[in-house]
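# no sequence on hand, only this structure:
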């Protein structure tokens, strides 16, 4: 029985690692992919860099959006979209 205890411990550590690290990351990635595929013109987005704007046009790989009242159009890769809507998180103090 002692020779099996080390194998059981390794399997248990792998299982814990999977459920605490890998699985939540896969869920997060899937949710982000679904959000990016459901973007449409008129949605307000925030990019990874923190730029906020309203989507004007969208294609398979890029999103074009307008920023602010000056109506500057910016085109970014679809993977650069962070959230739909304005990010409301306060900066660290």
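Perfect, I can see it now. Owing to the predicted nature of the structure, the values given are computational and were not obtained by experimental measurement.
# look up how far residue 68 lies from the residue most central in space within the chain.
Centroid-nearest residue in the chain: residue 32, 4.1 Å away (criterion: C-alpha atoms, centre = their mean). Per C-beta to C-beta, to the nearest Å, residue 32 is found 26 Å from residue 68. Backbone N, C-alpha and C define where each C-beta goes, glycine included.
# over to residue 49?
15 Å.
# list the contacts of residue 35.
81, 83-84 (C-beta atoms under 8 Å, 6 or more residues apart in numbering).
# among those, which ones are buried?
Among the contacts of residue 35, those classed as buried by 16 or more other C-beta atoms under 10 Å are 81, 83.
# if you look at the contacts of residue 35, which of them are in strands?
Among these, DSSP state E puts 81, 83-84 in strands.
# now the helices for the chain?
For the chain, the helices defined by DSSP state H cover 2-17, 23-37.
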